[in-house]
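>>> Got a sequence here, can you build the structure:
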Amino acid sequence: MAINKNFVVKNGLEVNQKLILANATTGKVGIGTSLPAYLLDVAGGIGVTDIYAAGNVYIAGVGTFITKLNVGTNGTTLTGVGGSVGVGTAIPRYLLDVRSPVSTGATALYVQGDVRVTGDLVVEDDITLDEVTVRNITVTDQATTLNLRATGITTSLNLNVTGFSTIATLGVTGLTTTQNLNVTGIATIATLGVTGTSTARNFIVTGVSTITTLGVTGLTTTQNLNVTGVSTISTLGVTGTSTARNLQVTGVSTLGTLQVSSGVVTATAGVVTYYGDGSKLTGVIASGGGSIGIQSGGVTVGTAITTVNFVGTGLTASQSGNTSNVYLPAPGVSLGLAIALGG
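Numbers count the residues shown, from 1 in each chain. Below you'll find the predicted structure:
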């Protein structure tokens, strides 16, 4: 039946049981319920083309938005569109796009609990970490680091610094096991050291490097400590109770201080073998307890000699500073005859 006029219902309206209920006392309308709790209470599913809500919308069940979901003015608070979700942006560029009003200085994402990232993590600005466990740490390209340290009980598989790097302190300290500590490329390092009770399999500095202090100190076992390339080192030292299988400096190197308490130092080219006490040195004055080698007619008499004793008579000697003068007998009298004759 068609009725072409307006209806005014003053005392409420009910269509069938729980189909439509308009309560004139509470001013609420229920669809599918006889006890509406909201201005419009729908107990069941809703299919709509567009939703415009100036107030609150409560959905107790599942809400499915086929095309787009906007929260805030034009979706500036939250937007779901095209399989992407934007927070703080109405045009999300990624699967989850979170943006704050400024690029830095404001917390845009806060997570209380653990975060697991199975792919790459790209950080284009500063990163601040409290505690880090890293299997491989590699620094490439241009890097400026005030302090890069591995302290405490630490196991580091690879610690690499490559490219253009400026580091105030690069150190491995404490109870530490380091498989590879590599510095390559053009690097400027104030202090590069392995200290404490440490085991370093390979400790390598290559490329063009400037190092103020390169040291292995404490109770330390180092399999290889290599400095190659063009390097300038102010202090290179192995101190304390240390075991270094190989300590190698190759290429063009400038050392400010190189200390060897005992043992032998060997150079593969140029100046050859010499000992910590100064023996086997060539082109130097053996003063202050140093030793020299003696030969006669091309035949070596002995090495590591600290005293030369002239036996016979008719010889006189004097010393002036670090110079000793030996006076032989007068011409015409051979040294052997003077000794045989006793004068």
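
>>> Let me see the domain layout of this protein.
Domain ranges of the chain: 7-49, 68-100, 136-256, 292-341, per automatic domain parsing.

>>> what mean pLDDT does the last one have?
The one in question is domain 292-341. Per-residue pLDDT values over domain 292-341 give a mean of 67.

>>> And for stretch 81-96?
So the average pLDDT for stretch 81-96 ends up being 92.

>>> first vs last residue of that stretch, how far apart are they?
The straight-line separation of the ends of stretch 81-96 (CA to CA, to the nearest Å) is 11 Å.

>>> going forward can the numbers begin at 845, since that is how I track them
All right, first residue 845 from here; so that's stretch 925-940.

>>> And it, how far out from the chain middle?
Centroid separation for stretch 925-940 versus its chain: 34 Å, with CA atoms, centre = their mean, to the nearest Å.

>>> what does it contact?
911-914, 918-924, 941-945, 952 (CB atoms under 8 Å, 6 or more residues apart in numbering). Where C-beta positions appear, they are placed from N, C-alpha and C, glycine not excepted.

>>> Next: stretch 902-910.
Outside stretch 902-910, the residues that touch it by CB under 8 Å, 6+ apart are 882, 889, 924.

>>> from the chain's centre, how far out does that stretch sit?
Computed by CA atoms, centre = their mean, the chain-centroid distance of stretch 902-910 equals 49 Å.

>>> Contact partners for residue 1037?
Per CB under 8 Å, 6+ apart, neighbours of residue 1037: 1014, 1015, 1016, 1017, 1057, 1058, 1059, 1060, 1061.

>>> how about it, secondary structure?
Following DSSP: H, G, I helix; E, B strand; the rest coil, the label given to residue 1037 is strand.

>>> what's the answer for residue 918, then?
Residue 918 ends up helix, using three-state DSSP.

>>> Out of the domains of the chain, the one nearest residue 901 is which?
domain 851-893 (9.1 Å; CB to CB).

>>> What average pLDDT does the closest one get?
Rounded mean pLDDT across domain 851-893 is 88.

>>> Need the distance between the two termini of it.
OK, domain 851-893 end separation, CA to CA: 27 Å.

>>> Give me the distance between the two termini of stretch 883-896.
End residues of stretch 883-896 are separated by 15 Å (CA to CA).

>>> Residues contacting it, please?
862, 871, 872, 873, 874, 875, 876, 877, 901, 905.

>>> Identify, from the contacts of residue 1037, the entry nearest to residue 1097.
Closest to residue 1097, out of all of these and judged by CB to CB, is residue 1058, at 10.6 Å.

>>> Right, I'll call it a day here.
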